[in-house]
Structures are given as structure tokens and as C-alpha cells.
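*Asks:* Here is a sequence with its predicted model. Questions after.
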Amino acid sequence: GEDVEQSLFLSVREGDSSVINCTYTDSSSTYLYWYKQEPGAGLQLLTYIFSNMDMKQDQRLTVLLNKKDKHLSLRIADTQTGDSAIYFCAESTDYKLSFGAGTTVTVRA
Amino acid sequence: DTEVTQTPKHLVMGMTNKKSLKCEQHMGHRAMYWYKQKAKKPPELMFVYSYEKLSINESVPSRFSPECPNSSLLNLHLHALQPEDSALYLCASSQQQGRGNYGYTFGSGTRLTVV
């Protein structure tokens, strides 16, 4: 995902909050997405945000969007062992989703 | 039904074999996609079908041949593959092709091994 950048690794203690950051380049993106991928599995859509929003909250997930800086973040509250996975940020383009490289989140006890 | 179903889940094939991957959705989505994903890498787009017509081919080798028999089905025909084609093949669908989609739905993928 050359147009979308993410940090590659995050280690977090169980019960703490995780914050995954992403920057994108296409200012025309209408929707921005967070996908979760567990080992050996497909992609699960976690949440998305419309480009005219600053924030979206869904249970333990909070998405923040700074459109001026083209910065997107995903906060997971009360991180659990089941949250260990790769998290992909993605932006919508004219005909596809453009993905970041993925952030591997490891939750330690 | 809010799922994209892919079969088979796992496939091992020889370099001289011909096989097909299948994808099905019943959400009324009119755009369907094939993505290829190597281990610990992001998915990469291969093909897009819009209203059952091939819209985008991301310079994919001809040994991969997509087909969209109807609005619910998407196939990927495989022939004379190489070991480096081993990957997770993901099918996805969305209401339509374009920026205004918020509902990209992915299947669980077919894990392909070429021997």
C-alpha cells in the first residue's frame, strides 16, 4: 500500500488502550476503513468513517480522522488477547481499496 | 445474507493442473473483486467486475482468468501456475465500483499452494 502508511508493530498490555495510526494520500477518499485479520483468516471490517466526520465511536473502538493532515487512527479500549491480529487501514479510490502495510498488534498478559 | 462465500478454503495444485476458485454473494452488490495476499502483506487488487463486466485488470498474468457468470457469482480460473502464485486469494464485493462505497465485504479466502 504505497499510498497508505502505518507503523508495522504494536505491543500492548492486556487491559490497556491500543492506538494504531495511519496516514493516507488521496484527499478525495470518501470513506476510510479499518480491517482486522487474524492468523489464517480473511479480512474482517471493523469500522469505517465517512470523510466529513472527525470521530466515530463503536463500543470499544474509536476512530479519529484529521482530514487536513490526512491522518487516521484507531483506538481500542480495554485491549483483550482476542484483539491480537494484523490491522489494516484502507482508503477508497476510484475502483479499489488501497491498503496500508498492516500493523501487527500483540497483546501481552 | 451479509456474507461473501468462497470455496474451496484450501487448494493444493500442481503446476500443470487447472482449477477454479469460486465466490458468491447475495447482497445485491454489483461490483466484485479478486485480491491476492501474500503472508504478512496487504491485499493487492487483481480484477474488478462491475455489473458483470470486467472493469479493471491490474496487469495480471494470463494464467489467471476471471469470469462473472451472473451478478452473484465470481470465478477465478487457474492454469499453469507457478509456486510463487501460492497465496491467499480473497474475493470481495461492494454495492458499486467507486469511491462512494462504505460496504466492502471480504470472503474468508482460498489458501492456494502451488507445488
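*Replies:* That came in fine, so what should we check first? Computed from a predicted structure; not experimentally measured. Numbering: from 1, shown residues only, chains lettered A, B, ... in the order given.
*Asks:* Neighbours of residue 95, how many?
*Replies:* With no chain named, the answer covers chain A. Residue A:95 has 16 neighbouring residues, counting by other CB atoms under 10 Å in any protein chain shown. Every residue, glycine included, has its C-beta placed from N, CA and C.
*Asks:* meant chain B, my bad for not saying
*Replies:* By other CB under 10 Å, 16 other residues sit near residue B:95.
*Asks:* Run through the residues that contact residue B:88.
*Replies:* A:42, B:36, B:37, B:38, B:39, B:109, B:110, B:111, B:112 (CB atoms under 8 Å, 6 or more residues apart in numbering or on different chains).
*Asks:* try it again with 7 Å
*Replies:* Contact analysis of residue B:88 by CB atoms under 7 Å, 6 or more residues apart in numbering or on different chains lists B:37, B:109, B:111.
*Asks:* quick one: which of these is most hemmed in?
*Replies:* Busiest of the contacts of residue B:88 [other CB under 10 Å] is residue B:109, holding 26 neighbours.
*Asks:* quick one: it and residue A:43 touch, right?
*Replies:* No - in this structure residue B:109 lies outside contact range of residue A:43 using CB atoms under 7 Å: 8.2 Å.
*Asks:* Common neighbours of those two, please.
*Replies:* Common neighbours of residue B:109 and residue A:43 (criterion: CB under 7 Å, 6+ apart): residue B:90.
*Asks:* picking up where we left off before, and of the contacts of residue B:88, the nearest to residue A:18?
*Replies:* Nearest to residue A:18 out of the contacts of residue B:88 is residue B:37 (CB to CB; 22.9 Å).
*Asks:* surely the closest one meets residue B:92?
*Replies:* No - using CB under 7 Å, residue B:37 is not in contact with residue B:92, being 11.2 Å away.
*Asks:* Could you list the contact residues of chain A toward chain B?
*Replies:* Neighbours of chain B within chain A, by CB under 7 Å from any CB of the partner chain: A:1, A:28-31, A:41-43, A:45, A:48, A:88, A:92-97, A:99-102.
*Asks:* taking these one by one, which sit in strands?
*Replies:* If you go by DSSP state E, those have A:31, A:45, A:48, A:88, A:92, A:97, A:99 in strands.
*Asks:* By neighbours, which of these wins?
*Replies:* Counting neighbours by other CB under 10 Å, residue A:97 comes out on top of these with 27 neighbours.
*Asks:* ok, for that one, nearest residue in space, not its chain neighbours?
*Replies:* Using CB to CB, 6 or more residues apart in numbering or on different chains and skipping residues adjacent in sequence, the residue nearest residue A:97 is residue A:90, 4.4 Å away.
*Asks:* Done for today, thanks.
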